[in-house]
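> Okay, structure incoming, though there's no sequence with it:
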Ligand SMILES: Cc1ncc(COP(=O)(O)O)c(C=O)c1O
């Protein structure tokens, strides 16, 4: 999984971020680097119920080779991984913190993500909190917001295309994973 | 035609918004990494070998995006789907075996027995029949309104109405739907506006740019363009709020109680259309037809420019002809729909329109006219590269009496043309010589 060649195409659909915030928090180059370099993902708000969106994303990331750490005070274990009540309780480093909580909870989550030395804070679709984003940025984290990690993984690995979705990727070079 | 302006791109410029023609050729198709094949490959296969049992289970649970079975998706069809979605500025698309299937799949996904829809009455006849009779069997009622009467749309609304429906360019009147105004009414009532944009194609009009939520096409027509394949496509903007829309938000017993909106967000409607409706109703597009449609899309802008150029020349010629009573083409300045056409289809309101023969025996004149043509093909289709003609009173509606024809809004001397790409002068010549052979 190299970073592949650069992509010139604009990817900007399905967001409520302002154009300036899209540049900051939806940058395709940042997203591709994060997908390529992340190994461990802590999912805050991961549900143990198989029909919930967070479970879809978590089990997807696990089957794509990432180690997924559930963060949920009401769960003990989800798809074979021990669950932790909060980020501070995880006894080993995590690369990315992926958030499925209400926007107002994100400031505290961002502070904890900085504290545990995570490299990326990823807020899922419509989980938008600019203050949390600023805290994480100031703490040296990469920040992605109002995007779904499963959709972005599918976009840049080619699988989202199989279900007829508009990936917005335009390229005449031989196909590859874009991360 | 405007002069092509060449702007030198900055080499460092990232995030480029590519133009319509570039997307017509490239969207949805990145060359195959193994062979490098440049043209779209035809994956003529029913099914796909799973990587392992875990991946297979994940695919069936929709936890992975991938190919399962060609009734649900196919790599060649996916190129067509993503390309149409890109051209419509949409979030995604689902291809179907025909235009009728595209409409049916859309409504099957959205509606339940007891639901109602408000539809324009300026519709393709087959659509009107589908909505009136086939939907009735499913417990769905359609209320038809004059699309030009904006108040009528709102008046026809009831709490059971779940969608508004119209055609960008209505048939056979050639009326232009005021998409922005009708979308505003639909949204005030909390329902999506579905637009059949077959006659316009995404090159002449993009209904979603004006607020339409879902677009359907009979790709059989100008998208395929060569009269070779029956096909349809459902396209979604991803912008309608389905969070409280019963069939998309509620647990779906047809997919182990999955809530499509909650799980897939802006992809919810399309994921359900594919994973439930297409799976259960079965009207999937064949991969070979998808390939032919992709070929069609690659020349869409070039063909449509020429289609509308020829259509306007023919409409003007007929308008000035002594044997012609009227011409209903929104591209003509005195058309009641000219202003709307300028707004929604500035490059030209398509290439399909009707006109009527001036004759004391219009039915006979229609027959004589059709049988005297040499270049126009007499058949029941539109949107071919070749010019097409049909006389409803002696074909599709021949069993109707004069009174019944009037009731159906069909003039006995009415002729429908679909203007092709032939040499303009040859089309005018053909029409003129045929008109001269009709009795007055
Ligand atoms: C406007 C319009 N919509 C839908 C259809 C139905 O499409 P198909 O014949 O591909 O099923 C047609 C076909 O005549 C049409 O003209």
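The structure has been received and is ready for your questions. Everything quoted here is computed from the prediction, not taken from an experiment.
> And the strands in the chain, which stretches?
I'll assume chain A. Applying DSSP state E to chain A gives strands spanning A:40-44, A:67-71, A:77-78, A:81-82, A:96-99, A:120-123, A:142-144.
> look at chain B instead
B:92-96, B:116-120, B:141-145, B:161-167, B:193-196, B:214-218, B:232-236, B:324-328, B:352-357, B:377-378, B:388-390, B:414-418.
> okay if I get those as JSON lines plus mean neighbour count?
For glycine as for every other residue, the C-beta is placed from the backbone atoms N, C-alpha and C. Below are those laid out as JSON lines (neighbours: other C-beta atoms under 10 Å in any protein chain shown):
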{"stretch": "strand B:92-96", "mean neighbour count": "31"}
{"stretch": "strand B:116-120", "mean neighbour count": "24"}
{"stretch": "strand B:141-145", "mean neighbour count": "19"}
{"stretch": "strand B:161-167", "mean neighbour count": "25"}
{"stretch": "strand B:193-196", "mean neighbour count": "28"}
{"stretch": "strand B:214-218", "mean neighbour count": "29"}
{"stretch": "strand B:232-236", "mean neighbour count": "31"}
{"stretch": "strand B:324-328", "mean neighbour count": "18"}
{"stretch": "strand B:352-357", "mean neighbour count": "24"}
{"stretch": "strand B:377-378", "mean neighbour count": "14"}
{"stretch": "strand B:388-390", "mean neighbour count": "21"}
{"stretch": "strand B:414-418", "mean neighbour count": "24"}
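> which one of those strands lies closest to chain A?
The closest of the strands of chain B to chain A is strand B:92-96. By C-beta to the nearest C-beta, the value is 3.9 Å.
> average pLDDT across that closest one?
Across strand B:92-96, the average pLDDT comes to 98.
> What residue in chain A comes nearest to the ligand?
Nearest residue of chain A to the ligand (C-beta to the nearest ligand atom) works out as residue A:164 at 18.2 Å.
> So that residue sits against residue B:73, correct?
Yes - assessed by C-beta atoms under 8 Å, residue A:164 is found in contact with residue B:73 at 6.9 Å.
> quick one: the longest helix seen in chain B to chain centroid distance?
Counting by DSSP state H, the longest helix found in chain B is helix B:300-319. Distance of helix B:300-319 from its chain centroid, counting by C-alpha atoms, centre = their mean, to the nearest Å, is 19 Å.
> Show me what that helix is packed against.
helix B:20-26, helix B:201-204, strand B:324-328, strand B:352-357, helix B:424-436 (3 or more C-beta pairs under 8 Å, 6 or more residues apart in numbering or on different chains; DSSP states H and E).
> Any idea which of the strands of chain A gets closest to chain B?
Closest among those, using C-beta to the nearest C-beta: strand A:67-71, at 12.8 Å.
> circling back to that earlier point, report the angle between the axes of the longest helix of chain B and strand B:352-357?
Relative orientation of helix B:300-319 versus strand B:352-357 (axes from the mean of the first three to the mean of the last three C-alpha atoms, to 10 degrees): 10 degrees.
> Need the contact partners of helix B:300-319.
Helix B:300-319 is contacted from outside by B:1, B:20-21, B:24, B:87, B:201-204, B:222-223, B:225, B:324, B:327, B:329, B:331-332, B:347-353, B:355, B:385, B:387, B:417, B:419-422, B:424, B:427-428, B:431-432, using C-beta atoms under 8 Å, 6 or more residues apart in numbering or on different chains.
> Mind doing that once more with 6 Å?
B:21, B:24, B:201, B:203-204, B:225, B:324, B:327, B:329, B:331-332, B:348, B:351, B:355, B:419, B:421, B:424, B:427-428 (C-beta atoms under 6 Å, 6 or more residues apart in numbering or on different chains).
> can you put the strands of chain A in a markdown table and add mean pLDDT, mean neighbour count and distance to residue B:402?
What follows is the strands of chain A, written out as a markdown table (pLDDT from 0 to 100; neighbours: other C-beta atoms under 10 Å in any protein chain shown; distance: least, C-beta to C-beta, whole Å):
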| stretch | mean pLDDT | mean neighbour count | distance to residue B:402 |
| --- | --- | --- | --- |
| strand A:40-44 | 98 | 24 | 71 |
| strand A:67-71 | 98 | 22 | 73 |
| strand A:77-78 | 97 | 17 | 73 |
| strand A:81-82 | 98 | 14 | 77 |
| strand A:96-99 | 98 | 27 | 70 |
| strand A:120-123 | 98 | 26 | 67 |
| strand A:142-144 | 98 | 23 | 68 |
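> Where does the stretch 101-250 of chain B get nearest to the ligand, which residue?
Counting by C-beta to the nearest ligand atom, the stretch 101-250 of chain B gets nearest the ligand through residue B:218, at 3.0 Å.
> Roughly how far does that residue sit from residue B:383?
8 Å (C-beta to C-beta, to the nearest Å).
> Residue of chain A nearest chain B, please.
Counting by C-beta to the nearest C-beta, chain A gets nearest chain B through residue A:164, at 3.4 Å.
> so that residue makes contact with residue B:93?
Yes - look at residue A:164 against residue B:93 with C-beta atoms under 6 Å: they come within range, at 5.1 Å.
> circling back: report the spatially nearest residue to the residue of chain A closest to the ligand, omitting neighbours in sequence.
Once flanking residues are discounted, residue A:164 sits nearest to residue B:81: 3.4 Å by C-beta to C-beta, 6 or more residues apart in numbering or on different chains.
> Neighbour count for residue A:164 and residue B:73, which is higher?
residue A:164 (33 against 23; other C-beta atoms under 10 Å in any protein chain shown).
> Can you tell me how far the more buried one is from residue A:174?
22 Å.
> since we're on residue B:146, how many residues are nearby?
Residues near residue B:146, counting by other C-beta under 10 Å: 14.
> Go ahead and build a PyMOL selection from the buried members of the contacts of helix B:300-319.
Selection of buried members from the contacts of helix B:300-319 for PyMOL, criterion 16 or more other C-beta atoms under 10 Å in any protein chain shown:
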select buried, chain B and resi 24+201+203+204+225+324+327+329+331+332+348+351+355+419+421+424+427+428
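> Up against chain B, what does chain A have?
Counting by C-beta under 6 Å from any C-beta of the partner chain, the residues of chain A lying close to chain B are A:8, A:10, A:14, A:53, A:56, A:59-60, A:63, A:125, A:154, A:159-166, A:170-171, A:174-176.
> quick one: contacts for the residue nearest to residue A:164?
By C-beta under 6 Å, 6+ apart, residue B:81 lies in contact with A:164, B:93, B:95.
> pLDDT at it, what is it?
If you check residue B:81, the pLDDT there is 98.
> Same check on residue B:440?
Here the pLDDT value assigned to residue B:440 is 82.
> Next one: residue B:159 from residue B:241, what distance?
The gap separating residue B:159 from residue B:241 is 18 Å, by C-beta to C-beta.
> cool, and residue A:25?
For residue A:25, the distance to residue B:241 - C-beta to C-beta - is 23 Å.
> Quick check on the two: which one has the bigger neighbour count.
residue A:25 (24 against 14).
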